[in-house]
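J.: fold the following.
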Amino acid sequence: MLSILDRYFLRELAQTVAATTIVLLAIITGTTFAKVLQQVAGGSFPASVMFPVLGLRTLDGLTNLLPLAGFLGVMMALGRMYRESEMHVLASSGMGPRGLLKPVALLAGVIVLVTGLVSLWLGPWAVRTADALVAEANRSVIAAGLDAGRFTELPGKGGIIFVDSLSRDGSVLGKTFVATESVDKDGTRQLKLVTAAGGQLYQESNGEGRFMALHDGWQYKIPLGRDDWWRMQYQRNDVALSDVQSDEDEDPAHSQGSWVLATSASPDARAEFAWRVHAPPMAFVLLMLALPLSRQSPREPRYGRILLALLGFYFYYLLLALGRAQIGKGHWANSLPLLGVHLLALGLAAWLFWKQYAPRRPRGPRKAVA
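T.: The predicted model follows:
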């Protein structure tokens, strides 16, 4: 049963953690949006799926965001209570270390559960769903921006396309007109016109290149400023659209399910699985570290301890990232060294917390100076 003091601490901590999560989520969403917008401009996928992909990728980023949000939220909430002397008043009223440990531990349990749910299931599902949306959009000319009865700009190709009709799923084109402009090796600009009685969109086997297979039409090449035009009749003519640019930073193991990674012998798979498994313990350890690090005097700089805590978080995160890299390179057979990093940080948190609440030894009488 929670006491009035426990409910007060939980409410203050939860509100600050929620506000911190929203602020960090806005920052990460802005960064992700810039990256997604760059891929849309490069023709990696159409703008029609930009916002669903943005939401799914932001959801995947919660794995690293939630531990940091909990850490900073608890530090700011308790730091405010210390600056306003609330903690000193409560301590003088008989509140011991357990009065602070219980609400923080309850909040840590909730954050650990949510972090584990996101890292082990929700995050990989979001990545797979985003990849499926992009792949489906690149197979459909409707999602690629084409619409029957109007001129549409070819993404990344500097041309236009017009179709008089489209099938319901966007896989079959009616009468088609394509106009593109290019520069020859000698510097002459030429206009290329292609007409067709029908067509279809398809991708290469690796899913990178996109083409339109046009059937039964004519192709014209018109050098600008010259009279040597030529035309060609064809039965099939493939017109290249913008290539599907893959994300260079994307790890193939990142989109796989956790069970698949757990049963895989690949070093990359083991490294990704270790990172997912150790995200919840990192959230718990950070909240325990926030307890001693948040204590400050009323005259202490407001954000001084937060800056030091961020440096500690960076060092802690860096050690885990280095351990993940060692697993990915095959140097470590398992993730036990990562567990050692958690225990070391948890031991540091316990020592700092004990040192703050340990009874001080009384000073002896001073010796008189002759």
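
J.: all strands for the stretch 101-250 of the chain, in order.
T.: Here the stretch 101-250 of the chain has its strands, by DSSP state E, counting those that start in this stretch, at 151-154, 159-163, 172-173, 176-183, 189-203, 210-223, 230-240.

J.: which parts of this protein are helices?
T.: 4-41, 50-60, 62-83, 86-92, 97-117, 123-139, 258-262, 267-277, 279-293, 304-328, 336-357 (DSSP state H).

J.: what's the closest of the strands of the stretch 101-250 of the chain to V40?
T.: With C-beta to C-beta, the closest approach to V40 among the strands of the stretch 101-250 of the chain belongs to strand 151-154: 13.3 Å. In short, each C-beta sits where N, CA and C put it, glycine included.

J.: strands paired with the closest one, and their directions?
T.: In the sheet, strand 151-154 lines up against strand 159-163 (antiparallel) (DSSP bridges).

J.: and the strand it pairs with, what's buried?
T.: Within strand 159-163, the residues scored as buried using 16 or more other C-beta atoms under 10 Å are 159, 161-163.

J.: show me which of those residues is closest to R11.
T.: For the buried residues of strand 159-163, with R11 as the reference and C-beta to C-beta as the criterion, the closest is I161, at 58.3 Å.

J.: grab the nearest non-local neighbour of that closest one.
T.: In space, and not counting its chain neighbours, I161 is closest to V178: 4.9 Å by C-beta to C-beta, 6 or more residues apart in numbering.

J.: touching, the one you found and F211? I think so.
T.: No: if you go by C-beta atoms under 8 Å, V178 and F211 don't touch, sitting 11.9 Å apart.

J.: overlap of the contact sets of these two?
T.: Residues within reach of V178 and of F211 at once, by C-beta atoms under 8 Å, 6 or more residues apart in numbering, are V239.

J.: those two: which has the busier surroundings?
T.: Neighbours per residue, other C-beta atoms under 10 Å: of V178 and F211, the larger number sits with V178, 23 against 15.

J.: need the contact list for that one.
T.: Counting by C-beta under 8 Å, 6+ apart, V178 has contacts 154, 159-162, 192-196, 212, 214, 239.

J.: any weak-confidence spans in the stretch 201-350 of the chain?
T.: 204-210, 241-251 (pLDDT under 70).

J.: switch the cut-off to 50
T.: 245 (pLDDT under 50).

J.: tell me the contacts of A213?
T.: By C-beta under 8 Å, 6+ apart, the contact set of A213 is 199-202, 236-238.

J.: from I161, how far out is the residue lying closest to it once chain neighbours are set aside?
T.: Distance criterion C-beta to C-beta, 6+ apart; nearest residue to A213, sequence neighbours excluded, is Q200 at 5.0 Å. Distance from Q200 to I161, counting by C-beta to C-beta, to the nearest Å: 13 Å.

J.: go on, G304?
T.: 60 Å.

J.: between the contacts of A213, which has the most around it?
T.: With neighbours taken as other C-beta under 10 Å, the top of these is G199, carrying 27 neighbours.

J.: circling back to that earlier point, nearest to W121, of the strands of the stretch 101-250 of the chain?
T.: Across these, W121 has its closest neighbour in strand 189-203 (29.6 Å, C-beta to C-beta).
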